[in-house]
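Peer 1: Got a predicted model here, sequence first, then my questions.
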Amino acid sequence: MCLFMAIFVVLSGLPALAEQQVIDALGRSVTLTAYPRRVVSLAPSITEILASLGVESSVVGADSFSLSSWYMDIGERLKSRGVVEVGGYWWSTISVEKILELNPDLILADRGAHRQLLEAFEAYNLTVVYLGSARSINDVYNDIYTVGLIFNKTGEAENLIRSIESTLQSGKELLKGYEGVKVLIVIDFWQGIWVAGKATFIDDLLARLGLVNAAVTIGWSVVGIEAITEWNPDIVIVACPYASQEAVEQSGLPQLGKPLVLLNTTEVDVLMRPGPLLAYAPQVIYHALVQGLANRTTTTPRTPQQAPLVTSAPLELYVAAPLVALVSGVIGYYVGLRKKR
Amino acid sequence: MLVNRKALFFFSALPLIMITCTCALTHVVNTGQGVGGYLAEYRFYRTLYTLMAGSALAIAGCFLQSTLRNPLIDHYILGVGSGALFALYLTVILYEYRPLIVALSAAMGGLFALALTVIVAERISGSDVAYVLSGIGITSLFSGLSALLSYYALTRYPYASLMLVGSFILATRDKLVYVAAAFILTYATHFVLSRRLNALLLGDEYAAQLGVNPKLTRLVASITSGTSASVLVSLFGLIGFTGIVAPHISRLLLRTSDNRVVVPMAATIGASILYVADAFSRAVTTPVMGEVPAGAIVSVFGAPFFLLLIVKRFKRGKL
Amino acid sequence: MISTKALRVTYRPSRIEAISDVSVEIPQRTTTCIVGPNAAGKTTLLKAIARLVEYDGAIFIEGRDISELGKALRRILAYTSHVSVNELLGVRVIDVLLTSRYPISRGLADSEEDLEGIYEVSRSLGIEHLLTRRIGELSSGELQRVVLASALVRRPRILLLDEPDSHLDVALKPWLSLYLKKLSEGSTVVLSTHDPIFAFHTCDYFIVLSHGKLLYSGPYEDLINNATFLEKAYGIGFTRVELGDRVVLLPLYSALKAHVGE
């Protein structure tokens, strides 16, 4: 009897099983009845968050990019633990079969890249929490905190958030000499030039570092060299590690006459992953700016950019062709068609 | 309508007049704004390419509509587009992306698909519906194969995806030779083919007794259309509907089906359509959300028109 | 004049001989009728003379082998059959007529000559008012006249007409008959038809075919006096009838009872 009592007392001292509700990036309310022991992560940034919060050991399956992540040697450790690769990064290359075989209690997915898999996950009764395609740094912080909630590591999450925030602050100091510089971040060259526009976390990042995002469009958008000329950036940073020399040249960027800095794979990872790697982003950007705008000093504040020459073509140009066609057609009518007796 | 020498000369020159005038206008605006260097060049080439591509595709559409006596087709429906795309992916995977090689293989891919379509259609019955059905089948075949290949093609050459929708965003100087070749090919062939196509419109037999060789004419028309369409697809992607829409508007405006005037008029209209679609993207959508490919814009406006055509056809009681 | 020697036409895929060993001599500046039951080879004979199908044997026009004539053949003769056009392509009558001048017109543009030729023919056929109409909007009678006009616009010396009287109403057939007879004063007209009344009123020379074989070729008078040729061709009885000032051979409906039902 006393033994039972003792065991009961000991057992009750253990951390209580938490039932909690989490609102994910799709607005779904997900109920978790236990701390997850078997987790599948579908994005490298998510895996990096898990590692930073110290719950990496719960990962049983991850995408291919996670398994090659160099941050904190995550990739190596996951591989040596025998974590299963489930495909990735894009949803169409994820193997739902492999995920099912792993029998996970939780899947962490990215809203932008894995939305299409939701129906499949729900059909198989898999618990999935979506983390947001970050539109701002705060969104990234929210994601980190959500993960912290799920794993009862809110303390660690808050620490991580604070440390990222403080590197961003010191980054702003570091870039004081480049305040107001117009930066354009190019992320790919598919049938045009893909840039990070407004309402992306890159945009927010630049703003917090005291820089100006040259891109005027909203979201990730594709533009031609004409629009970029109009935006008149001071420096163009290419965050696309596999872009061929030819692709860069075809896009017309070298002819812009502005400094063009190409980041390597590591730097691109730092910049493009909305997770703990963001802490290193200010340094990456600083090095790029130094490389590109070599003759800047940290003390002289930047004078605001002069208004650029108007380079957008007037509307009249765009109606030129149909106008000419119309006029020719009318003349043609009088010349040719009226000849019919 | 009677096409006398003056009318013929005027209409034949129409597309050239339009292209020259619009490009000249672009140049004038550039100079007026003090724009120079690469930007002026980019604008000029982009204008030139949309105009030339629009013309060539419209002419190709006229050729195919006349030779196959089907007003509902253009190069896309006959599988040329997806065949070229498939060849493009294959080249990118097996070799690498080089403009000349890719343009050649895209042309061959498009022609191969066209040949398959024609062969299968003739096997069925050779009627216009047979051609559309055959074309849909061949297009699906190559689209499916392209989808399979796209994953691998993407890793070698990021441009490979999104080639599905035509865009003139990459208007570089090195493309000039090919675009001009496509335009000149269709435009020059028009002078040889138009009268023969007029005869062909009334039936193979009718044409034969006039002294026009129907099979040879069909072959020349198909090869010309197919080649130029394939080249343009390999350079800019798939641009549908211009080939269907422009010839129809031309016939409606001129109230005739005489190819001697319909073809150059369609070329002018096709050039305008494509130019305006591209301009719409550059002027309206870019400041807000980036470029929307011209091919998409043309499809948006072309699709309702196409449906209208089909409805009209149903109303007349024939399919 | 047109002559064929041992003409044979075989359709490739089915190996059927549409015409076997037909030798005829069609006189100049007359109207000639080719008659016979369905699949007798009437259309095939016309097409062969127009060099629209491959044949074995020889065909001569005015003493010259047509296989050596090349493009010149198209200036000499015109062949018509039925025309069907997709309505949405908007082909108009004047387009058809202008296109039909292809073998004899010079250059890409149309000349005054072309226009005059077209107006002349349209007037004589009474289709002037139809010139701007679309083919699809015409009645079958109007279409037949347009088809005939398309052959005439290039003033051929030889007209090969495949069933030119089909779709024509009772009043138009006599009109066409007279028209063709007048034409034959200047050109050689060869036509095929199913209508015996039309045939006997229009033509002076006859070719009777059956299953690709020649049963009779000769003048009107001889055929009229001997109904056996037609009876053998059609497998049905014929009788002499006088219609006005012309004698015709008409099929005997009652004779058929012998074959059907008993």
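Peer 2: All right, it came through fine. The shown structure was predicted, so the numbers you read here are calculated from the model rather than taken from an experiment.

Peer 1: Run a quick neighbour tally on A:Arg28.
Peer 2: When counting by other C-beta atoms under 10 Å in any protein chain shown, one arrives at 13 neighbours for A:Arg28. Backbone N, C-alpha and C define where each C-beta goes, glycine included.

Peer 1: Please give me every residue in contact with the spatially closest residue to A:Ala214 that is not a sequence neighbour.
Peer 2: Spatial nearest neighbour of A:Ala214, chain neighbours left out: A:Pro233 (3.5 Å); criterion: C-beta to C-beta, 6 or more residues apart in numbering or on different chains. With contact taken as C-beta atoms under 8 Å, 6 or more residues apart in numbering or on different chains, A:Pro233 is in contact with A:182-184, A:214, A:256, A:258.

Peer 1: if we go to 7 Å?
Peer 2: A:Pro233 makes contact with A:182-184, A:214, A:258, according to C-beta atoms under 7 Å, 6 or more residues apart in numbering or on different chains.

Peer 1: Same check on A:His114?
Peer 2: Counted by C-beta under 7 Å, 6+ apart, A:His114 has contacts A:42, A:91, A:94.

Peer 1: Looking at pLDDT only, which of those residues scores worst?
Peer 2: In terms of pLDDT, A:Trp91 ranks lowest among the contacts of A:His114, with 73.

Peer 1: mind listing what's buried in stretch B:199-217?
Peer 2: B:199-212, B:214, B:217 (16 or more other C-beta atoms under 10 Å in any protein chain shown).

Peer 1: Just the element for the residue nearest to A:Ala214, please.
Peer 2: Counting by DSSP states H and E, no helix or strand carries A:Pro233.

Peer 1: in the chain, which spans are strands?
Peer 2: I'll assume chain A. Ranges of strands in chain A, per DSSP state E, are A:20-23, A:29-32, A:39-41, A:59-62, A:84-85, A:106-110, A:128-131, A:182-188, A:193-196, A:212-213, A:220-223, A:235-238, A:260-262.

Peer 1: I was after chain C.
Peer 2: C:2-11, C:16-26, C:31-35, C:56-61, C:64-65, C:77-80, C:158-162, C:188-192, C:205-210, C:213-219, C:238-243, C:246-251.

Peer 1: who in the stretch 1-150 of chain B is up against chain A?
Peer 2: By C-beta under 7 Å from any C-beta of the partner chain, the residues of the stretch 1-150 of chain B that approach chain A are B:1-2, B:4, B:6-7, B:10-11, B:14, B:17-18, B:21-22, B:25-26, B:29, B:33-35, B:38-39, B:42-43, B:51.

Peer 1: rewinding a little: nearest to chain B, out of the strands of chain A?
Peer 2: strand A:220-223 (2.8 Å; C-beta to the nearest C-beta).

Peer 1: Would you mind confirming that C:Ile197 is in contact with C:Leu249?
Peer 2: No. At 9.7 Å, C:Ile197 and C:Leu249 do not qualify as touching, with contact defined as C-beta atoms under 7 Å.

Peer 1: ok, the two, which is more surrounded?
Peer 2: Set C:Ile197 next to C:Leu249 and count neighbours by other C-beta under 10 Å: C:Leu249 wins out with 22 against 19.

Peer 1: Contact partners for that one?
Peer 2: Counting by C-beta under 7 Å, 6+ apart, C:Leu249 touches C:196, C:200, C:224, C:227, C:230, C:238, C:240.

Peer 1: Now rank those by neighbours and give me the top one.
Peer 2: C:Leu230 (25 neighbours).

Peer 1: In contact with it, which residues?
Peer 2: So C:Leu230 contacts C:208, C:238, C:249 (C-beta under 7 Å, 6+ apart).

Peer 1: From those residues, pick the one nearest chain B.
Peer 2: C:Val208 (24.8 Å).

Peer 1: average pLDDT for the one helix or strand B:Arg123 maps to?
Peer 2: Element membership of B:Arg123 [criterion: DSSP H and E] is helix B:99-124. Model confidence over helix B:99-124, given as mean pLDDT, is 81.

Peer 1: Packing partners of that helix?
Peer 2: Secondary-structure packing of helix B:99-124 (3 or more C-beta pairs under 7 Å, 6 or more residues apart in numbering or on different chains; DSSP states H and E): helix B:80-94, helix B:128-156, helix B:214-236.

Peer 1: These into CSV, with extra columns for mean pLDDT?
Peer 2: As requested, the helices and strands packed on helix B:99-124 are exported to CSV (pLDDT from 0 to 100):
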stretch, mean pLDDT
helix B:80-94, 84
helix B:128-156, 80
helix B:214-236, 83
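
Peer 1: Show me which residues of stretch C:213-231 are buried.
Peer 2: Buried residues in stretch C:213-231, counted by 16+ other C-beta under 10 Å: C:213-217, C:220, C:223-224, C:227, C:229-231.

Peer 1: returning to what we had before: among the residues of the stretch 1-150 of chain B next to chain A, which ones are buried?
Peer 2: B:1-2, B:4, B:7, B:10-11, B:14, B:17-18, B:21-22, B:25-26, B:29, B:33, B:35, B:38-39, B:42-43, B:51.

Peer 1: My guess is B:Thr189 contacts B:Thr224. True?
Peer 2: Yes. B:Thr189 is in contact with B:Thr224 according to C-beta under 7 Å; the separation is 4.6 Å.

Peer 1: Look at these two and report which has more neighbours.
Peer 2: Ranked by neighbour count (other C-beta under 10 Å), B:Thr189 and B:Thr224 place B:Thr224 first, with 23 against 20.

Peer 1: Return the residues in contact with the more buried one.
Peer 2: So B:Thr224 contacts B:63, B:185-186, B:189 (C-beta under 7 Å, 6+ apart).

Peer 1: just A:Arg273 next, same as before
Peer 2: Counted by C-beta under 7 Å, 6+ apart, A:Arg273 has contacts A:44-45, A:48.

Peer 1: Dump those residues into JSON lines; add pLDDT as well.
Peer 2: JSON lines is the format used below for the contacts of A:Arg273 (pLDDT from 0 to 100):
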{"residue": "A:Pro44", "pLDDT": "89"}
{"residue": "A:Ser45", "pLDDT": "89"}
{"residue": "A:Glu48", "pLDDT": "91"}
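
Peer 1: Go through those and flag which are in helices.
Peer 2: A:44-45, A:48 (DSSP state H).

Peer 1: Between these, which sits nearest B:Gly290?
Peer 2: Taking C-beta to C-beta as the measure, B:Gly290 lies nearest A:Ser45 of the ones in helices among the contacts of A:Arg273, at 24.1 Å.

Peer 1: what about the closest one, neighbour count?
Peer 2: A:Ser45, neighbours per other C-beta under 10 Å, totals 26.

Peer 1: I figured B:Leu57 was touching B:Thr242, is that so?
Peer 2: Yes. Here B:Leu57 lies in contact with B:Thr242, judged by C-beta under 7 Å, at a distance of 4.7 Å.

Peer 1: Residue of the stretch 201-319 of chain B closest to chain C, please.
Peer 2: Among the residues of the stretch 201-319 of chain B, B:Gly211 lies closest to chain C, at 3.7 Å counting by C-beta to the nearest C-beta.

Peer 1: separation between the nearest residue to that residue once chain neighbours are set aside and A:Ile228?
Peer 2: Residue nearest to B:Gly211 in three dimensions, not counting chain neighbours: C:Arg74, with 3.7 Å by C-beta to C-beta, 6+ apart. The gap separating C:Arg74 from A:Ile228 is 61 Å, by C-beta to C-beta, to the nearest Å.

Peer 1: again with C:Leu250
Peer 2: According to C-beta to C-beta, C:Leu250 and A:Ile228 sit 88 Å apart.

Peer 1: And A:Pro276, by the same measure?
Peer 2: According to C-beta to C-beta, A:Pro276 and A:Ile228 sit 31 Å apart.

Peer 1: Which positions within the helix holding B:Arg123 qualify as buried?
Peer 2: So, applying 16+ other C-beta under 10 Å, buried residues of helix B:99-124: B:99, B:102-118, B:120-121.

Peer 1: Need the strands of chain A in TSV (columns: distance to A:Ser170, mean neighbour count and mean pLDDT).
Peer 2: Formatted as TSV, the entries for these read as follows, by distance: least, C-beta to C-beta, whole Å; neighbours: other C-beta atoms under 10 Å in any protein chain shown; pLDDT from 0 to 100:
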stretch	distance to A:Ser170	mean neighbour count	mean pLDDT
strand A:20-23	32	12	84
strand A:29-32	36	13	86
strand A:39-41	29	29	92
strand A:59-62	31	25	90
strand A:84-85	37	16	88
strand A:106-110	28	25	90
strand A:128-131	26	25	90
strand A:182-188	19	23	90
strand A:193-196	23	26	90
strand A:212-213	20	20	92
strand A:220-223	28	23	88
strand A:235-238	20	24	92
strand A:260-262	22	18	89
